[in-house]
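Trainee: test case, fold it:
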Amino acid sequence: MSVEPGDRLPTLTVRITRTDLVRYAGASGDFNPIHHSDFFADRVGLPGVIAHGMLTMATALRVVTDWAGGAAAVRSYTARFTKPVVVPDDGVGAELVVEATVTAVADGVATVGIEATCAGEKVLGMARAEVDLSAVAGGAA
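Mentor: Just a heads-up that it's a prediction; the model follows:
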């Protein structure tokens, strides 16, 4: 498999529900009430209960790990939080749409730009991952 700048990775669409927030809180130990209490989220001026930032960031990286065949190929990953992912208590949750494009390839490393949106709003800014092509499943190098 050849990897070139401009290559688009398959789009990833994920639903994040309140149950996911509970599971993440248990795994991470982050029980901040902005992640589970509508009352508290409202009191601090948020538009509703929001997903944990690190859950959003990790979920967005799946677009790269799915393409690369696992996390072992990822050398680095960075992103800024631009908007919270509001997760309604409606049994459906919030839809996170993640798109990614290879922006550069040099010395066996692909740089991948990632765009994550929820309800049409960009939720991560300047998100990018570096992928060691020699470690990509299927031999992308």
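
Trainee: alpha carbons only for contacts and neighbour counts from here, please
Mentor: Fine.

Trainee: tell me how far Leu46 lies from Thr117.
Mentor: 18 Å (C-alpha to C-alpha, to the nearest Å).

Trainee: what about these two, which has more around it?
Mentor: Thr117 (19 against 15; other C-alpha atoms under 10 Å).

Trainee: where does pLDDT dip in the chain?
Mentor: In the prediction, the chain carries residues with pLDDT under 70 at positions 1, 138-141.

Trainee: which stretches of it form helices?
Mentor: 18-28, 38-43, 53-68 (DSSP state H).

Trainee: can you name the residues that contact the closest residue to Ala51 other than its chain neighbours?
Mentor: Leaving aside its sequence neighbours, Ala51 sits nearest to Val85 (C-alpha to C-alpha, 6 or more residues apart in numbering; 5.4 Å). Val85 sits next to Ile50, Ala51, Thr56, Ala94, Cys118, Val123 when contact means C-alpha atoms under 8 Å, 6 or more residues apart in numbering.
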